[in-house]
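>>> Provided below are the primary sequence and the corresponding predicted coordinates.
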Amino acid sequence: MFLKYIFLFLFFLNLPSCNSKKEFVYDHEGPFNTEKGGLLIDAMSGEPSNLISIIAGDSASSAISGNIFNKLIKYDKNLELAPELADKWTISDDQKTITFYLKRNLKWADGHPLTTDDVLFTWKLVTDEKTRTPYGSDYKLVDEAEAPDPYTFRIHYTKAYAPALDSWASLQILPKHILKDENINQTFFSRKPTGSSYYKLTQWVNGEKLTLEANPFSVMGEPNINQLTSRFIPDTSSQFLELIADNIDLMNINPIQFARVIPSRPDLKNKLALYKELGNSYTYLGFNLKHSPFNDLKVRQAINYALDKQEIIDGVLLGLGEPVASPYKPGTRWSNKNLHPYSYDKNQALKLLHEAGFNDSNHDGILEMDGKPFTFEILTNQNKQREMTAVLIQRRLKDVGIDVKIRVIEWASFVNQFIKTGDFDAVILGWSLSLDPDQYNIWHSSQQKPGQFNFIGYNNKEVDQLLEEGRTELNADKREKIYHEFSRILLQESPVIYLYAGYGLTAINKRIKGIESPAPPAGISYNSYEWFIPSSLRRNEITP
Amino acid sequence: MFNYLIKRLLWMIPMLIGISLISFFIMHLAPGDITASESAFNPKASEESRQKLRALYNLDKPLMTQYSLWLKRIVKLDFGNSFASHQRPVLWETKDAKGNISKGMIQDALPITLMINLIGLLIIFALSIFLGVVSAVNQNRWPDRLITIIVFIGFAVPGFWLALLLMYWTGVTHSWLPISGLHSAGFEKMDHFSQYVDLFKHLILPVSISCLGGLASISLYVRNGMLDVLQQDFITTARAKGLPENKVIYSHALRNTLLPLITIIGLSIPGLIGGSVIGESIFAISGMGKLFFDAVLMRDFPVVMGILTMGSVLTLFGNLIADIGYAWADPRIRRGISN
């Protein structure tokens, strides 16, 4: 009797197919002219928290606020500084004063004029003790800021500070006329912002999606695509299903999807374009330099020789990454082209370990020194790629007689119980860096207190001096020399072993045109305002 | 009965304080705080500014002080604001001087979770009772075996895996159902009827998946209860006096079988506000499960404590309602209480 119900249920399941939309075959090829209008839907794993970028700490927020707000200056497609709100800037001879000259007739999205008053207001806000921002320190170095007229903004530093321009290329300018009486830490503005850039926020459904529309008062001109919708889909497998079902146009994908899934399916290959770009981050194996035997240069170099970086890139990233030899993005001026990663050389590794005093005296396959076996623990956080990397490292180090244990720890515990206390042998972590080459916070010997970033305990007088020089030199050519030398010492000393810089991988529906490929140094999205959707390829307005 | 109720309600107060105290301390035993996750590894964020944040949230105060601050707020039903950078109210919306409304986090997440769980609970109970009765009546024959096998497969299959397969099958290969989320694009522009249809379509998969696990236990519960009842003397009497078998089963046996289910319903009340983290992530539904999970990972103490407090209040009330419901349905218990 109940079989009848099952049949009924199955029949019911089939019902909706009668009115389902017909498969429409798009012709993605052929020349298309730039057109305005259309809707791009992308997927985000996390929901933005706060669109005031000086307060938000999450990447989802900055992805959205970057489309709404402007900075004084920006990085162009080749990662050189270029005008944004300011059309030019000058640096005084003593390198302590920077003057920005704003473009004329700038307007906020509500039509109110945008002047240096707003810039000054934003600077006061970010340096205010009461503002709940983690990013104030760069701006507190400004001794005096002034806006003598609506188009001139001048800042003085007590001593020359080279990363200053970079800091102004990341400070999004906020509207004074709306925020002057608001408590910045808890204001409606964080979820209902008024900006000056290409788009304005028109709708935000908590936990579901947000929609941006072209801002008619945009100081940057009008973008081609009229509407951007970001859907919050935490699970990347679900995102991928939405992508192949044509419900979203763009998502970040993983190496397996990039290298195996999409290329092996003609229907997906026809529909999706794949892009890879080098991000400004790298993954490394860092040692606790205060622990023996990692304080021994020979041991660090031996481990560096013992690891096959290409093997890790091929195994973990399916080849979608690059080995690095300096803490800078390959292809930028700061990365020293004369440096090469340590090649994989097991014999050299063994030789160095013997020189350091390690021998396998009891023939158990593990090296000993003074009767103690060479064994250590690699810590990492819950990140699949880092876990796989750790396993490959474990195997390679076993080859040279080093016993490695792996421990994977939840992020907050990892930071508080191990990094801050210095209670670790080695870690696999990554650095995401800003575009300025200054890395004082990471490598200078003064930055070793709990919570500071030189947690590995690196201490080198020469490097300290180079970092100090690089910070006060605003001339790019001179800085380049300084940081190339700094990278050379770092590579030779191996306080960390650079493992790889992975590509950021994106799949975009082919209806989106005007994307530069191969990606320029700044990545494909640098000109997203020039992307367009030909009307013949647009998604039909979805009907219920 | 009245005295019993008063006594039970009064007992809840020390229980609640105990529960909140334990959860507060366990939460703070976990290493790290909000500043660790927000900006821990951004070289642009300095340690001083993190200290500043800690002071702002009273995280630098002794634990006992933090607890008493929290308790002082909670007795006024003020659940506070989230530590996350949006600083949204935890429980309910607030309005600022200009009339801008900031919606509460639980206020946003709870209706969705409640809806899914209530529908799920209804389906679980309806289907389980039906399956359980069919199994019991056909004990050890093929319908019984088949049902048992099916509900156990449902119980054993990993929900996320089945969810993804179903999403692929119904959403990508056939486009019968939407894949994720609760509303289609353009939901706002639809008329009321289409909105309901749209919501219904979006709910089919998440609700089905959330029902899978519950079916096995409750249908077996009904089956075994039914078998017990069917062996009792009053059923023999009913059959002996010539009642049709349908009447024997559905009006005499079933009623008695359902009695213990009242307890199960009462105990599932606190579960109504809890969502499945995995289910919600896969279906991109922002319910209570994901809210709680993210808050724990971020060490967003006000949100964690808010949800735990609600959960414990509901658990205590759920137990009470189960007891009262049982007494109401079963005269034997009722007399026991009033004596």
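All right, it came through fine.
>>> C-alpha coordinates for stretch B:245-258, CSV please?
Listed in CSV are the C-alpha atoms of stretch B:245-258, where the atom choice follows Å, rounded to 0.1, in the frame of the first residue of the first chain:
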residue,chain,number,x,y,z
GLU,B,245,-8.8,-4.3,13.0
ASN,B,246,-8.4,-0.7,11.7
LYS,B,247,-10.2,0.6,14.7
VAL,B,248,-8.2,-1.6,17.0
ILE,B,249,-4.9,-0.3,15.6
TYR,B,250,-5.6,3.3,14.9
SER,B,251,-7.9,4.3,17.8
HIS,B,252,-6.9,2.0,20.6
ALA,B,253,-3.3,0.9,20.1
LEU,B,254,-1.9,4.0,18.4
ARG,B,255,-3.2,6.4,21.1
ASN,B,256,-1.3,4.5,23.8
THR,B,257,1.8,4.3,21.6
LEU,B,258,1.8,8.0,21.2
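>>> Within range of chain B, give me the residues from the stretch 401-544 of chain A.
Within the stretch 401-544 of chain A, the residues that sit near chain B (Cβ under 8 Å from any Cβ of the partner chain) are A:410-413, A:415-417, A:429, A:431-434, A:439, A:441-442, A:449-453, A:541-544. Bear in mind the C-beta positions are built from the backbone N, C-alpha and C, glycine included.
>>> out of those, which are buried?
Neighbour-count burial (16 or more other Cβ atoms under 10 Å in any protein chain shown) is assigned, among these, to A:411-412, A:415-417, A:429, A:431, A:433-434, A:439, A:441-442, A:451-453.
>>> Not counting sequence-adjacent ones, nearest residue to the residue in the stretch 351-500 of chain A that chain B sits nearest to?
Closest contact between the stretch 351-500 of chain A and chain B, by Cβ to the nearest Cβ, is at residue A:412 (3.0 Å). Residue nearest to residue A:412 in three dimensions, not counting chain neighbours: residue B:32, with 3.0 Å by Cβ to Cβ, 6 or more residues apart in numbering or on different chains.
>>> Check residue B:302 too.
When the adjacent residues along the chain are set aside, residue B:302 lies closest to residue B:80, with 4.2 Å between them (Cβ to Cβ, 6+ apart).
>>> distance of that neighbour from residue A:345?
Noted for residue B:80: a distance of 58 Å to residue A:345, by Cβ to Cβ, to the nearest Å.
>>> which one of those two has more residues nearby?
Here residue B:80 and residue A:345 are set side by side on neighbour count (other Cβ atoms under 10 Å in any protein chain shown), and the busier one is residue B:80, at 18 against 15.
>>> hmm, who's touching the one helix or strand residue A:481 maps to?
Remark: residue A:481 resides in helix A:476-493, with elements defined by DSSP states H and E. Contact partners of helix A:476-493, identified using Cβ atoms under 8 Å, 6 or more residues apart in numbering or on different chains, comprise A:162, A:297, A:300, A:325-328, A:333-336, A:338-339, A:437, A:439, A:443, A:460, A:462-463, A:466-467, A:469-470, A:473, A:498.
>>> Kindly provide the distance from the nearest residue to residue B:131 once chain neighbours are set aside to residue A:271.
Counting by Cβ to Cβ, 6+ apart, residue B:219 is the residue found nearest to residue B:131 once chain neighbours are left out, at 4.2 Å. The spacing between residue B:219 and residue A:271, counted by Cβ to Cβ, is 43 Å.
>>> Look at the closest residue to chain A within chain B and tell me its secondary structure.
Of all residues in chain B, the one sitting closest to chain A is residue B:286 (2.5 Å; Cβ to the nearest Cβ). With DSSP: H, G, I helix; E, B strand; the rest coil as the basis, residue B:286 sits in coil.
>>> do residue A:61 as well
Three-state assignment for residue A:61 (three-state DSSP): helix.
>>> residues in contact with it?
Under the criterion of Cβ under 8 Å, 6+ apart, the neighbours of residue A:61 are A:48, A:49, A:50, A:51, A:53, B:85.
>>> What of residue B:227?
Counting by Cβ under 8 Å, 6+ apart, residue B:227 touches B:136, B:139.
>>> Name every strand pairing with the helix or strand containing residue A:505 and say which way it goes.
Following DSSP H and E, one finds residue A:505 within strand A:496-509. Each strand that strand A:496-509 pairs with, and the sense of that pairing, follows from DSSP bridges: strand A:250-252 (antiparallel), strand A:272-278 (antiparallel), strand A:281-287 (antiparallel), strand A:321-322 (antiparallel).
>>> Mean neighbour count and mean pLDDT for those strands - can I get that in JSON lines?
Listed next are the strands paired with strand A:496-509 as JSON lines, based on neighbours: other Cβ atoms under 10 Å in any protein chain shown; pLDDT from 0 to 100:
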{"stretch": "strand A:250-252", "mean neighbour count": "22", "mean pLDDT": "93"}
{"stretch": "strand A:272-278", "mean neighbour count": "20", "mean pLDDT": "92"}
{"stretch": "strand A:281-287", "mean neighbour count": "22", "mean pLDDT": "92"}
{"stretch": "strand A:321-322", "mean neighbour count": "22", "mean pLDDT": "92"}
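>>> where does the stretch 101-250 of chain B have low pLDDT?
Low-confidence segments of the stretch 101-250 of chain B, defined by pLDDT under 70, are absent.
>>> What parts of it come near chain A?
When proximity is defined as Cβ under 8 Å from any Cβ, the stretch 101-250 of chain B approaches chain A at B:102-103, B:108-109, B:112, B:130, B:134, B:143, B:164, B:167-168, B:170-172, B:174-186, B:190, B:194-195, B:197-198, B:201.
>>> Show me those that map onto strands.
In strands, defined here by DSSP state E, the members of these are residue B:102.
>>> ok, back up a step: and residue A:141, which of the strands paired with strand A:496-509 is closest to it?
Shortest separation from residue A:141 across those is recorded for strand A:281-287, at 25.2 Å, computed as Cβ to Cβ.
>>> Buried residues of the helix holding residue A:481, list them for me.
Of the residues in helix A:476-493, those scored as buried under the neighbour-count criterion (16+ other Cβ under 10 Å) are A:479, A:480, A:482, A:483, A:484, A:485, A:486, A:487, A:488, A:490, A:491, A:493.
>>> likewise stretch B:319-330?
Taking 16+ other Cβ under 10 Å as the neighbour-count basis, stretch B:319-330 is seen to contain the buried residues B:319, B:320, B:321, B:322, B:323, B:324, B:325, B:326, B:327.
>>> A strand includes residue A:211, no?
Yes - using three-state DSSP, the assignment for residue A:211 is a strand.
>>> For chain B, what's its nearest residue on chain A.
Per Cβ to the nearest Cβ, the residue of chain A with the smallest distance to chain B is residue A:207, at 2.5 Å.
>>> ok, and the closest non-adjacent residue to that residue?
Nearest to residue A:207 is residue B:286, by Cβ to Cβ, 6+ apart, at 2.5 Å.
>>> tell me the phi and psi of that neighbour?
Summarising the backbone geometry of residue B:286 under the convention degrees, to the nearest 10, its torsions are phi -90, psi 80.
>>> Kindly state the pLDDT recorded for it?
Here, the pLDDT recorded for residue B:286 equals 87.
>>> do the one 4 residues further on as well
Per-residue confidence (pLDDT) for residue B:290: 87.
>>> contacting residues around it?
Counting by Cβ under 8 Å, 6+ apart, residue B:290 has contacts A:234, B:109, B:275, B:277, B:280, B:281.
>>> pretty sure the residue of chain B closest to chain A is touching residue B:111, no?
No - counting by Cβ atoms under 8 Å, no contact exists between residue B:286 and residue B:111, whose distance comes to 10.9 Å.
>>> Looking only at neighbour counts, state which of the two leads.
Using other Cβ under 10 Å as the criterion, residue B:286 and residue B:111 rank with residue B:286 on top: 25 against 11.
>>> in the top helix by length along chain B, what counts as buried?
For chain B, the helix reaching the highest residue count under DSSP state H is reported as helix B:192-230. Neighbour counts using 16+ other Cβ under 10 Å place B:195, B:198, B:201-216, B:218-223, B:225-227, B:229-230 of helix B:192-230 among the buried residues.
>>> for stretch A:63-72, same thing?
If you call a residue buried by 16+ other Cβ under 10 Å, then stretch A:63-72 has these buried ones: A:64, A:65, A:66, A:67, A:68, A:69, A:70, A:71, A:72.
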